[in-house]
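Colleague: Next one to model:
(one chain, ligands or ions: 1)
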Amino acid sequence: MITEATFLHYLNSLLDGDKKQCYSIVDNLIANKTSLRDIFVKLFQRSMYRVGQMWENDRCSVADEHIATKITEGLVDYVASHHTAIKDINKIIVITCIDKEFHELGARMVACYLETLGYKVFFVGSNTPQNEVLKIIKEKQADIVGISNNFYLNFTRLVALLNAIQNEFPDLRTIVGGQALAEGTDDIFKEYKNVKYICSLDSLDEYLALHNHH
Ligand code: B12
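Modeller: As a prediction, the model looks like this:
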């Protein structure tokens, strides 16, 4: 459980760029056995969405937002390092962002979460050209590819990538996430056999359970 007081304390520390305080709050949550999912979603995601609103309304600077992002990136890996998978799942997942997509925190969270479940994950991260995505899928023999799209102007590049994947790897399971796609996703993806839009870690669990992966 993460109380509102803890959230606000963390948000203030994040906006102050007070890395040490942020780590200390997270250390306390880990010590109290707060789940990785709660820390990821109810602390990291919620605070970054707040930072986004403040940035949009000119209530925090671009530099403040960048510092908050950098602290959060480190913390995602830090929290994940406290959770080793109980058993390995013999499936390979490539997690990437599309070309010109610079938002990678959501994808990093998903990659770390999947690792803690036991998957073998290759996190490629932001701004990855289409041909590189295709190459790495092949090279790593991925069972699933996960693609993140947060900025709506990158949507045409997402469609191009999905078409290329469908063409080259027609049976590859593909999951797509990110805030560019909040609405109308069923409609957008219905022409693709193996593509599923996943908006949260909860629906990611449902997807994996459905495919008997854990
Ligand atoms: C940090 C940030 C940046 C940083 C990113 C740095 C980095 N290393 O990631 C930088 C400075 C680069 C940036 C740039 C821009 N940004 Co920005 N940014 C943000 C901010 C504040 C936080 C993003 C974040 O980390 N969120 C927290 C993560 C954990 O949440 P998430 O990404 O939603 O991920 C979750 C789910 O979506 C899902 N998910 C995500 N990906 C995937 C993938 C898979 C496979 C699965 C299964 C699930 C999944 O699971 C995650 C966990 O629950 C958001 C505000 C917001 N609302 O998020 C704006 C925001 C995303 N940015 C925005 C904009 C407009 C921009 C710029 C255009 C600004 C500009 N004028 O230059 C550029 C675009 C750059 C580009 N070409 O990509 C808009 C996007 C609007 C839209 N939907 O198109 C937002 C929403 C801000 C706003 N309110 O307007 N930004």
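Colleague: Make sure residue 176 is indeed in a strand.
Modeller: Yes. Checked against DSSP: H, G, I helix; E, B strand; the rest coil, residue 176 lies within a strand.
Colleague: heading toward the C-terminus, what's the first helix or strand past the host helix or strand of residue 12?
Modeller: Using DSSP states H and E, residue 12 sits within helix 4-15. Going down the chain from helix 4-15, the next helix or strand is helix 19-31, by DSSP H and E.
Colleague: in the very next helix or strand once past that following helix, what counts as buried?
Modeller: Next along the chain after helix 19-31, taking DSSP H and E as the criterion, comes helix 36-38. Neighbour-count burial for helix 36-38, counted by 16 or more other CB atoms under 10 Å, picks out residue 36. Every residue, glycine included, has its C-beta placed from N, CA and C.
Colleague: List the buried residues of stretch 32-41.
Modeller: Buried residues in stretch 32-41 (16+ other CB under 10 Å): 34, 36, 39-41.
Colleague: Check those residues one by one and keep those near the ligand.
Modeller: Residues of these in contact with the ligand (CB under 6 Å from any ligand atom): residue 41.
Colleague: So which of the buried residues of stretch 32-41 is the closest to residue 91?
Modeller: residue 36 (19.5 Å; CB to CB).
Colleague: How is the chain partitioned into domains?
Modeller: 4-81, 92-210 (automatic domain parsing).
Colleague: And the longest one, end to end?
Modeller: Its first and final residues considered, domain 92-210 spans 17 Å by CA to CA, to the nearest Å.
Colleague: re the thing from before, show me what the helix holding residue 12 is packed against.
Modeller: helix 19-31, helix 46-56, helix 62-81 (3 or more CB pairs under 8 Å, 6 or more residues apart in numbering; DSSP states H and E).
Colleague: is any part of it close to the ligand?
Modeller: No. On the criterion CB under 6 Å from any ligand atom, helix 4-15 is out of touch with the ligand, staying 11.1 Å away.
Colleague: The residue nearest to residue 185 when sequence neighbours are not counted - how many residues pack around it?
Modeller: Among residues not flanking residue 185 along the chain, residue 197 sits closest, at 3.8 Å (CB to CB, 6 or more residues apart in numbering). Neighbour count of residue 197, defined by other CB atoms under 10 Å: 19.
Colleague: Bridged to residue 197, which residues?
Modeller: For residue 197, the beta-bridge partners are residue 176 (DSSP bridges).
Colleague: thinking it is in contact with residue 183, fair?
Modeller: No. Assessed by CB atoms under 8 Å, residue 197 is found out of contact with residue 183, at 10.4 Å.
Colleague: can you list the residues of this protein near the ligand?
Modeller: Near the ligand, when you scan the chain using CB under 6 Å from any ligand atom, you find 41, 45, 48-49, 51-52, 55-56, 65, 69, 95, 100-107, 109-110, 146-148, 150-152, 175, 177-180, 198, 200-201, 204.
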